[in-house]
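Novice: Have a look at this prediction, sequence included:
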Amino acid sequence: DAKTTQPPSMDCAEGRAANLPCNHSTISGNEYVYWYRQIHSQGPQYIIHGLKNNETNEMASLIITEDRKSSTLILPHATLRDTAVYYCIVRVAEEYGGATNKLIFGTGTLLAVQP
Amino acid sequence: DSGVTQTPKHLITATGQRVTLRCSPRSGDLSVYWYQQSLDQGLQFLIQYYNGEERAKGNILERFSAQQFPDLHSELNLSSLELGDSALYFCASSVEEASSGNTIYFGEGSWLTVV
C-alpha cells in the first residue's frame, strides 16, 4: 500500500486559504489521491480526488506535483466549519478474487480554523 | 446527506451480548464497506462486499461477521462483545467493484457502547 505522510495539526485564520500538504512518495502510476475530512465523530466526508492533473470543485482544489510524490489540498476561504481532521489517502487496488478499492486511512491532519 | 443510511445510531449493550448493525447503501451502489473507529485505533477497514460477495477483509475479528443481501443492504454482526468493541462503526458505499476513480460515501455511523 502506498503510504501517506501528513502533519498532525495545522492552524488557519478564518477567511484565509488553508493549504494542507501530503507526501505519498511510493504512489503507483494508477493510484489516485483522495481527500476526505471528518468533523468530530461524523462520517468521513469526501472532498476531492485526482490522478495526475490538478482538480477543483466547489469545496477545494487539489494540486498534485508533476512527479506525483506529493499533493496539497487547498480550501480557498476557510471557515470555522472547516475545522476537522483531513485525510489524504492513496486508493488501493488489489486482487482478491475480483479487485477491491478500499480506502486505508492514516492519522490525518487536524485543521483548526481560528476566528 | 451522503445517502448511506445506518441504523441504529446509538446502541448500548452488555459484555457477552450480540448486536447487528444495518446499512443501506446509496441507490445504485453495489459495494459496501465497513469501518471501525475507536479512540485509540483511528479508522480501521473491516470488510468489503460487492453485489453480495465478500471482496476484501481487513482487521475484522472472528467474533464479527458481515453479509450483503440481495437488496444490497448489509449487516455487521458483532458477537461476544467486549468493552474494547465500543466504537463508532461506519458503513460506506460506492458504485463499482474496483475502480480507483469512483467515490466512496460514508454514512453517519452507529455508536456502540459496551458496558
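Specialist: Perfect, thanks for sending it.
Novice: list the buried ones in stretch B:32-48?
Specialist: Neighbour-count burial for stretch B:32-48, counted by 16 or more other Cβ atoms under 10 Å in any protein chain shown, picks out B:V32, B:Y33, B:W34, B:Y35, B:Q36, B:Q37, B:L43, B:Q44, B:F45, B:L46, B:I47, B:Q48. Backbone N, C-alpha and C define where each C-beta goes, glycine included.
Novice: and those near chain A, which?
Specialist: Restricting the buried residues of stretch B:32-48 to those within reach of chain A (Cβ under 8 Å from any Cβ of the partner chain) leaves B:Y33, B:Y35, B:L43, B:Q44, B:F45, B:Q48.
Novice: tell me, what residue is most central in chain B?
Specialist: Note on chain B: the residue nearest the mean C-alpha position is B:W34, at 3.0 Å, using Cα atoms, centre = their mean.
Novice: just checking, that one is part of a strand?
Specialist: Yes: counting by DSSP: H, G, I helix; E, B strand; the rest coil, B:W34 is found in a strand.
Novice: quick one: which of the buried residues of stretch B:32-48 is nearest to chain A?
Specialist: B:L43 (3.9 Å; Cβ to the nearest Cβ).
Novice: so that closest one bridges to which residues?
Specialist: B:Q37 (DSSP bridges).
Novice: same thing with B:S93?
Specialist: With DSSP bridges as the rule, B:S93 is bridged to B:V32, B:Y105.
Novice: ok, it to chain A distance?
Specialist: 11 Å (Cβ to the nearest Cβ, to the nearest Å).
Novice: surely that residue meets B:S31?
Specialist: Yes: using Cβ atoms under 8 Å, B:S93 is in contact with B:S31, at 6.1 Å.
Novice: Overlap of the contact sets of those two?
Specialist: B:P25, B:I104 (Cβ atoms under 8 Å, 6 or more residues apart in numbering or on different chains).
Novice: In contact with B:C23, which residues?
Specialist: So B:C23 contacts B:V4, B:T5, B:Q6, B:V32, B:W34, B:H73, B:S74, B:E75, B:L76, B:C91, B:S93, B:G107 (Cβ under 8 Å, 6+ apart).
Novice: one more time with 10 Å
Specialist: Neighbouring residues of B:C23 by Cβ atoms under 10 Å, 6 or more residues apart in numbering or on different chains: B:4-7, B:32-34, B:49, B:66, B:68, B:72-76, B:89-93, B:107, B:110.
Novice: One more: B:L83?
Specialist: B:T15, B:T113, B:V114, B:V115.
Novice: give me phi/psi at it?
Specialist: According to degrees, to the nearest 10, the main-chain angles of B:L83 amount to phi -60, psi -40.
Novice: And it, how close does it get to B:V114?
Specialist: To B:V114, B:L83 is 5 Å away according to Cβ to Cβ, to the nearest Å.
Novice: Give me the neighbour count for A:A78.
Specialist: By the criterion of other Cβ atoms under 10 Å in any protein chain shown, A:A78 has 21 neighbours.
Novice: ditto for B:T7
Specialist: 13.
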